[in-house]
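Asks: next input, structure requested:
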Amino acid sequence: MPSQILADYLQRREKLIADDRALRVDHVRANYTEAELKADKVLRAIRAREAVSVWAVEREDVPHPYPGMEFLNGMDTSLFPDCHPLTTVYS
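Replies: The predicted structure follows:
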């Protein structure tokens, strides 16, 4: 009997998790438009380039750069000269 109770609990838990994930903005769906697919491809390329040219480079003015750091801190320290040319507008 206890194993049936556990099995029921696990089944309800999996359904709850799936229902919650379906409500998320980043939930995977199958009907992307061509524009969305193209935008995703461009953003992934930018992020891959940033991973190598920005976040993997040691700099004197920023001892430990990381992707979640504040934009203005990164802009002030010239972390994004190649990937984000618009930052020079605000410098």
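Asks: what stretches of this structure score poorly on pLDDT?
Replies: 1, 62, 66-91 (pLDDT under 70).
Asks: repeat that for 80
Replies: 1-2, 25-30, 50-51, 53-91 (pLDDT under 80).
Asks: what's the longest helix in it?
Replies: helix 2-22 (DSSP state H).
Asks: following element in sequence after that one, please.
Replies: Per DSSP states H and E, the first helix or strand lying C-terminal to helix 2-22 is helix 34-50.
Asks: buried residues in that following helix?
Replies: Residues of helix 34-50 classed as buried: residue 50 (neighbour count, 16 or more other Cβ atoms under 10 Å). (Glycine included, C-beta is placed from N, CA and C.)
Asks: name the helices or strands packed onto it?
Replies: Packing partners of helix 34-50 (3 or more Cβ pairs under 8 Å, 6 or more residues apart in numbering; DSSP states H and E): none among the helices and strands.
Asks: SS state for residue 64?
Replies: Put simply, residue 64 is coil when judged by DSSP: H, G, I helix; E, B strand; the rest coil.
Asks: distance check, it against residue 6.
Replies: Look at residue 64 and residue 6: by Cβ to Cβ, to the nearest Å, they are 45 Å apart.
Asks: now do residue 38
Replies: As judged by Cβ to Cβ, residue 38 and residue 6 stand 46 Å apart.
Asks: just residue 61 next, same as before
Replies: 55 Å.
Asks: what of residue 58?
Replies: Distance from residue 58 to residue 6, by Cβ to Cβ: 50 Å.
Asks: and if you look at residue 30?
Replies: 33 Å.
Asks: of these two, who's got more company?
Replies: residue 6 (10 against 4; other Cβ atoms under 10 Å).
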